[in-house]
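**Q** Next comes the sequence, and after it the predicted model I'd like to discuss.
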Amino acid sequence: MIILSNKPTGNPQIDIRKLKYEKADILKLMVLAKQEMPEYLVGLNLYLKNKSYKAMFGAFDKRTNALVGACLVLDKKIVLEGYEEEIKALPGKTMQLDFLFVDKKYTHQKIGSSLINSVYEYCKNNNYSYIDLMCPLKNSKKANVYDKNDFNRIAIQNQYNPIFLLFRASVEKPVRQFAKILDATILDAYETNF
C-alpha cells in the first residue's frame, strides 16, 4: 500500500492512495460513483475501460478499507480529441480533473482538498502546468472545494445542458496564490463599478 499523503484530512482515519487499474480498485470506484454520481457512470466506465486516466487517487477509511472519496485525472488532450485548435490553445501541458467525489457520510473532513493536493503533486512531478475542470453551474454558485483549493473560474461552457463553469489552476502554488489575488481584485473592481 502506498500512502500518498500524510497531511491531515480532518479525519486521522483516512489515507490517500493511488488507485490502480485492478479489479478491486475499479469495483470500489464504481460502487462509490454509483452512490455519489450515478449520472456520470457511463462516461466514467468508458474512460476506465480505455485506461484513459493518467492518475486515480482514492481516500480510504483505515478502519474498514472502504473507498470514501476519489479523484480522477486525464490529459486534457484526450478530452479535446478531434478539436485541434482547442488543443493548440491550451496554456502548456494541461491535466483535466475529470471526477472528484466524496461519500456524503465523510464530507467536511477535507478529504476533497487532500485528493486535490495529491493531483497537484502528481501534476508537478509529471511536468504538467495547469489543471482544468468543469463543474455544473448549479454546483458552483457558492464557493466550493475548487475555490478553496486555488482554482479560478475562467469561462462558462453553455453549449452543454446543464451549463458548466470551467475552472483552471496552475500546478505551481505561488502562481495559484497570485492568480487568486488577481482574480479577487478584478471581481472587487467589477462589483464596485457596476
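**A** Structure's in. What do you need?
**Q** how many neighbours does the closest residue in space to residue 169 that isn't next to it in sequence have?
**A** Of all residues not flanking residue 169 in the chain, residue 151 sits nearest, at 4.4 Å (CB to CB, 6 or more residues apart in numbering). C-beta: built from backbone N, CA, C; applies to glycine. Counted with other CB atoms under 10 Å, residues neighbouring residue 151 total 26.
**Q** So for residue 151, what's the pLDDT?
**A** If you check residue 151, the pLDDT there is 89.
**Q** Repeat that for residue 2.
**A** With respect to pLDDT, residue 2 scores 42.
**Q** show me where the protein has strands.
**A** 3-5, 14-18, 55-61, 67-75, 94-102, 130-136, 152-157, 164-170 (DSSP state E).
**Q** what lines up beside the fifth one in the sheet?
**A** Same thing as strand 94-102. Looking at strand 94-102 with DSSP bridges, its partner strands are strand 67-75 (antiparallel), strand 130-136 (parallel).
**Q** Quick one: closest of the ones you listed to residue 12.
**A** Residue 12 lies closest to strand 67-75 among the strands paired with strand 94-102, at 13.6 Å (CB to CB).
**Q** centre of the chain versus the closest one, how much separation?
**A** Centroid separation between strand 67-75 and its chain, computed with CA atoms, centre = their mean, to the nearest Å, is 7 Å.
**Q** how far off strand 55-61 does that strand point, in degrees?
**A** Going by axes from the mean of the first three to the mean of the last three CA atoms, to 10 degrees, strand 67-75 is angled at 170 degrees with respect to strand 55-61.
**Q** Mind checking the pLDDT average for strand 67-75?
**A** 95.
**Q** tell me the angle it makes with strand 14-18.
**A** Using the same axes, to 10 degrees, strand 67-75 lies at 30 degrees relative to strand 14-18.
**Q** Start at 6, not 1
**A** OK, 6 is where the count begins now, so the last one is strand 72-80.
**Q** I'd guessed the residue nearest to residue 174 sits against residue 172; true?
**A** Yes. Between residue 156 and residue 172 a contact is recorded at 4.0 Å, counting by CB atoms under 8 Å.
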